[in-house]
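In: below is the sequence, then the predicted model.
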Amino acid sequence: MTHKPSYEELERRVQELEEEMLIRTRAEEALRESEKRHRSMVETSSDWLWEIDAKGRYTYASARAREILGYAPEELVGRTPFDLMPEEESQRVRAIFAKIAEARRPFSLLENVNLHRDGRRVVLETSGVPVFGPGGEFTGYRGVDRDITERKRAEDALRESQQMLHSVLDTIPVRVFWKDLDFNYMGCNRPFALDAGLHSPEEIVGRNDFEMGWGDQAQLYRSDDCRVIETGSPRLGYEEPQTTPSGDRIWLRTSKVPLFDVKGEARGVLGTYEDITVYKKAEEALQKAHHELERRVEERTAELEKANQELWQIPSKLIAVQEEERKRLASELHDSIGQTLAAIKFWVEMALNLRNAGDDSTAFAHLEQFIPILQRSIEETRNIYMGLRPSMLDSKGLLATLEWLRQECMKLYPGRHIELDHGIAEEAIPKNLKVNIFRIAQEALNNIAKHSKAEWVDILLSKNGAGIELVVSDDGVGMDLEIVMQTSAAKSLGLTIMRERTELTGGSFSIESTPGEGTTIRAFWTIETED
């Protein structure tokens, strides 16, 4: 017998159904709200969400795809990610993705280049997870693409900036280094690394000065670093030594400044230096040259003062010589020419008296006896004017006059042998030099006769290179030139006269003499010639 529900039971069942319908409605509303929120999150995300099937074709793409690549989501469905890549990038990513799909495992941060619809290159960072069906079968991947184009540009710009910084550091003509608070090297530029005997800047990281080739100066460098860090003040442009890895000693001009972090706290020291060894050596050479110049200036000043004193003495000496020459000429004129003229006067008067007395024969006899006396007077007069200026110097030339001078000196001083040698033609000797060469040779022979006690004298006049050289040498007693020039007025005057004659005519004069070994006098004139 079928049970007929009561009214109360029917009312309770209706109420249960209403409650179930209310719960279901609320669940559907919550599901719709959740889907709405999920859709909103997907559509408003800055990343591009997608799904692909097991064959790698898009089955879903979020709206963000339009902003990232310029394609509407429906345009991507059925296409593969590789269709949006340049050929070379497509091949690279396809090989990577084949391994990922075969492993059916999640992947992340796979960078790849895509082409925007307008042809721009867009760099994406891709992440994905595998999707499996109800029976566990692999159905594809669900993932997200993030546009990192701007970030990559910033990274590339930063990398280029860093490369440029390294290039600048490695190119500037100074060495650059930086250390931490423990004075360990954190880095350096390439020139510094090469100075340290390293192959690259990376090799210096973590080392300290005691481990480097300049370990002898490590404590000095560390003291400077410590002072800069403690005071927070730079130390600029100071000089310090350094021992190189090869053991050489060089000089550096160094500058150091403290390194601060963003909070203003010291974190180390930055230093630069340049090798100034060449400049230091040049400075030392310049100082040495300066001292040498000062010494030479002092010596030259002393020489000039001495020469000035000698110049003041020359006029009085010249006057004395002039008076001596006048005295000699007066004596010779009185003793020889004067007496001869007096004798001639006497013989002429006697002859005239005899002629007036009518004794012509005796008068002529007196005149005949007068001829030898007159001849001697002519010879004596000739000797006097030849001593003043030989006329044969103008008529026969310098070489003949020097030969006459040699013979006359040997007549006056029979105990001396004088040799004359000339390796130059008469016409090659400038006229303005002939009298000076003769006088210098004459003065030299005169000094030898008076002071040298020489037995052998050589006179050489020759062409020497681009000039004419007169050399007069003897084997006499020689002399100490310094003592002679200071104490012997007669000797020094003769030497001074020869020097002055030479230098006033554009030549150079020198004397070589050693006590007991003779004396050599040289006078040299440069002769300008025309082609």
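Out: Here it is on my side, so go on.
In: which elements pack onto the host helix or strand of Trp251?
Out: Assigned by DSSP states H and E, Trp251 belongs to strand 249-260. Counting contacts by 3 or more CB pairs under 8 Å, 6 or more residues apart in numbering; DSSP states H and E, strand 249-260 packs against helix 218-231, strand 235-243, strand 266-275, helix 277-332. Where C-beta positions appear, they are placed from N, C-alpha and C, glycine not excepted.
In: and among these, the most buried is which?
Out: strand 266-275 (a mean of 19; mean count of other CB atoms under 10 Å).
In: quick one: strands adjacent to that one?
Out: According to DSSP bridges, strand 266-275 forms sheet pairs with strand 175-179 (antiparallel), strand 249-260 (antiparallel).
In: can you list those strands in JSON lines and add mean neighbour count and distance to Arg64?
Out: As requested, the strands paired with strand 266-275 are exported to JSON lines (neighbours: other CB atoms under 10 Å; distance: least, CB to CB, whole Å):
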{"stretch": "strand 175-179", "mean neighbour count": "21", "distance to Arg64": "45"}
{"stretch": "strand 249-260", "mean neighbour count": "17", "distance to Arg64": "44"}
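In: tabulate these (CSV), appending distance to Ser510 and mean pLDDT.
Out: Listed next are those as CSV, based on distance: least, CB to CB, whole Å; pLDDT from 0 to 100:
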stretch, distance to Ser510, mean pLDDT
strand 175-179, 56, 94
strand 249-260, 45, 92
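In: nearest to Asp480, of those strands?
Out: strand 249-260 (47.9 Å; CB to CB).
In: CA atoms only for the strand holding Trp251, dumped as CSV, please.
Out: Coordinates of each C-alpha in strand 249-260 appear next as CSV, following Å, rounded to 0.1, in the frame of the first residue of the first chain:
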residue,chain,number,x,y,z
ARG,A,249,113.0,51.4,-9.8
ILE,A,250,110.6,54.0,-11.3
TRP,A,251,108.9,57.1,-10.1
LEU,A,252,105.1,57.7,-9.9
ARG,A,253,102.9,60.8,-9.6
THR,A,254,99.9,59.4,-7.6
SER,A,255,96.5,60.7,-6.6
LYS,A,256,94.0,58.9,-4.2
VAL,A,257,90.5,59.7,-3.2
PRO,A,258,88.0,58.0,-0.8
LEU,A,259,85.2,55.9,-2.3
PHE,A,260,81.8,56.4,-0.7
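In: circling back: nearest to Glu160, out of the helices and strands packed on strand 249-260?
Out: Short answer: strand 266-275, nearest of those by CB to CB, at 22.9 Å.
In: keeping just the C-alphas, turn that closest one into PDB.
Out: Taking C-alpha atoms only, strand 266-275 is exported to PDB below (Å, rounded to 0.1, in the frame of the first residue of the first chain):
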ATOM      1  CA  ALA A 266      83.600  55.200   3.100                       C
ATOM      2  CA  ARG A 267      83.900  51.800   1.300                       C
ATOM      3  CA  GLY A 268      87.500  52.000  -0.100                       C
ATOM      4  CA  VAL A 269      90.000  54.100  -2.000                       C
ATOM      5  CA  LEU A 270      90.300  55.000  -5.700                       C
ATOM      6  CA  GLY A 271      93.800  55.700  -7.000                       C
ATOM      7  CA  THR A 272      95.500  56.800 -10.200                       C
ATOM      8  CA  TYR A 273      99.200  57.200 -11.100                       C
ATOM      9  CA  GLU A 274     101.400  58.000 -14.100                       C
ATOM     10  CA  ASP A 275     105.000  56.900 -14.700                       C
END
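In: any low-confidence regions in the stretch 301-450 of the chain?
Out: Counting by pLDDT under 70, the stretch 301-450 of the chain has low-confidence residues at 310-343, 346-347, 366-367, 369-370, 373, 376-390.
In: mind listing the helices for it?
Out: For the stretch 301-450 of the chain, the helices defined by DSSP state H, counting those that start in this stretch cover 339-356, 360-388, 392-395, 398-412, 431-447.
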